[in-house]
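> Mind looking at a prediction? Sequence and model below.
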Amino acid sequence: MSAIIIVDAVVSTESGTEVNRRARRNGIVPVVVYSGGEEEQYILVDHNKIIYELEVEAFHSALVQLKVDGELQRAILRDVLLSRKA
């Protein structure tokens, strides 16, 4: 039986480049969740927690539980974009 991975997240009320940059400066990672037939959802997760999970190989193929505002929703990691340091 595989471990259940739960990631705490907060809904982002805004989207856009400047909002994402501001979040990253504060140690928060912007995430976009796509769902079949529904509108995409913009959420924010803690940088340290998500980096720790990304180091675990099983995380990349596991069914992840996103805890968004107290509600659990399932997600599968499809793509990760890491920004380059200049």
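The structure has been received and is ready for your questions. Since the structure is predicted, the reported quantities are computational estimates derived from the model, not experimental observations.
> Isn't residue 65 up against residue 59?
No. Look at residue 65 against residue 59 with CB atoms under 8 Å: they stay out of range, at 12.0 Å. C-beta coordinates here come from the backbone N, C-alpha and C atoms, glycine included.
> Give the residues shared as contacts by those two.
Both residue 65 and residue 59 are in contact with residue 5, where contact means CB atoms under 8 Å, 6 or more residues apart in numbering.
> Mind jotting down where the helices sit in the chain?
Shown for the chain, the helices assigned by DSSP state H span residues 17-25, 47-54.
> Which one, of the ones you listed, ends up nearest to residue 41?
Nearest of these to residue 41, taken as CB to CB: helix 17-25 at 14.6 Å.
> what does the average pLDDT come to for the closest one?
For helix 17-25, mean pLDDT is 90.
> tell me the angle that helix makes with helix 47-54.
80 degrees (axes from the mean of the first three to the mean of the last three CA atoms, to 10 degrees).
> List the buried residues in helix 17-25.
The neighbour-count check on helix 17-25 (16 or more other CB atoms under 10 Å) flags 20, 23 as buried.
> Which residue comes closest to the most centrally placed residue in the chain once chain neighbours are left out?
The chain has residue 31 as the residue nearest its centroid, 4.3 Å off, counting by CA atoms, centre = their mean. When the adjacent residues along the chain are set aside, residue 31 lies closest to residue 43, with 4.9 Å between them (CB to CB, 6 or more residues apart in numbering).
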